[in-house]
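*Asks:* Next comes the sequence, and after it the predicted model I'd like to discuss.
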Amino acid sequence: MFLGTYTPRLDDKNRLVLPARFRDALADGLVITRGQERCLCVWPLAGFTAATEQLSAAPLTSKSARDYLRVLFAGAHDEVPDKQGRVTVPQPLREYAGLVRDCAVIGANTRVEIWAADAWEGYLAAQEDAFSAMSQEVPPGLL
């Protein structure tokens, strides 16, 4: 499980140092791809493989399934972090997420998300009221 918020920076070679707490889970390989709300999703290779197996069950006759799969896979980049826990973020993915220097790397349970730091702060501020309101809709006993 990936938890927490970290604030690494892209270096001059467009590499991002993964948070130390995430490195073991991502050491055998990872996939970076487009996420929703202009963030990037980082999956452990095994987790991405499992997710894509589920997605493969979607009927190719469904336009929305085809559209989603095209965007997901066309932007995907697989990599193994180096010994310092760095991964290169390809230019198309940096452009998609608006990554220039300061980043927010967040744990999102089964995956990691990479955000431009200012975009993450804006998203978090905009979601605070919705987050508070949602707690009322969680089934009793769950939280």
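*Replies:* That came through fine. Numbers count the residues shown, from 1 in each chain.
*Asks:* Would you state the helices of this structure in chain order?
*Replies:* 20-26, 45-55, 63-74, 91-97, 117-134 (DSSP state H).
*Asks:* Make a markdown table out of these and add mean neighbour count and distance to A104.
*Replies:* The C-beta positions use only the backbone N, C-alpha and C, and glycine is treated the same way. Output for the helices of the chain, formatted as a markdown table (neighbours: other C-beta atoms under 10 Å; distance: least, C-beta to C-beta, whole Å):
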| stretch | mean neighbour count | distance to A104 |
| --- | --- | --- |
| helix 20-26 | 15 | 13 |
| helix 45-55 | 14 | 21 |
| helix 63-74 | 12 | 22 |
| helix 91-97 | 16 | 10 |
| helix 117-134 | 12 | 4 |
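*Asks:* Can you say which of these is nearest to D11?
*Replies:* helix 91-97 (12.4 Å; C-beta to C-beta).
*Asks:* possible to save the helices of the chain as TSV with mean pLDDT and distance to D82?
*Replies:* Below are these laid out as TSV (pLDDT from 0 to 100; distance: least, C-beta to C-beta, whole Å):
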stretch	mean pLDDT	distance to D82
helix 20-26	97	11
helix 45-55	91	16
helix 63-74	92	25
helix 91-97	98	18
helix 117-134	90	23
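*Asks:* So which of these is nearest R111?
*Replies:* Evaluated with C-beta to C-beta, the helices of the chain place helix 45-55 nearest to R111, the distance being 6.8 Å.
*Asks:* Let's see the closest one as CSV, backbone CA atoms only.
*Replies:* Output of helix 45-55 as CSV, limited to C-alpha atoms (Å, rounded to 0.1, in the frame of the first residue of the first chain):
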residue,chain,number,x,y,z
LEU,A,45,4.9,-3.7,-12.8
ALA,A,46,3.0,-6.6,-11.3
GLY,A,47,0.1,-4.3,-10.3
PHE,A,48,-0.1,-2.8,-13.8
THR,A,49,-0.1,-6.3,-15.3
ALA,A,50,-3.0,-7.3,-13.0
ALA,A,51,-4.9,-4.1,-13.8
THR,A,52,-4.5,-4.6,-17.5
GLU,A,53,-5.7,-8.2,-17.3
GLN,A,54,-8.9,-6.9,-15.8
LEU,A,55,-9.1,-4.2,-18.5
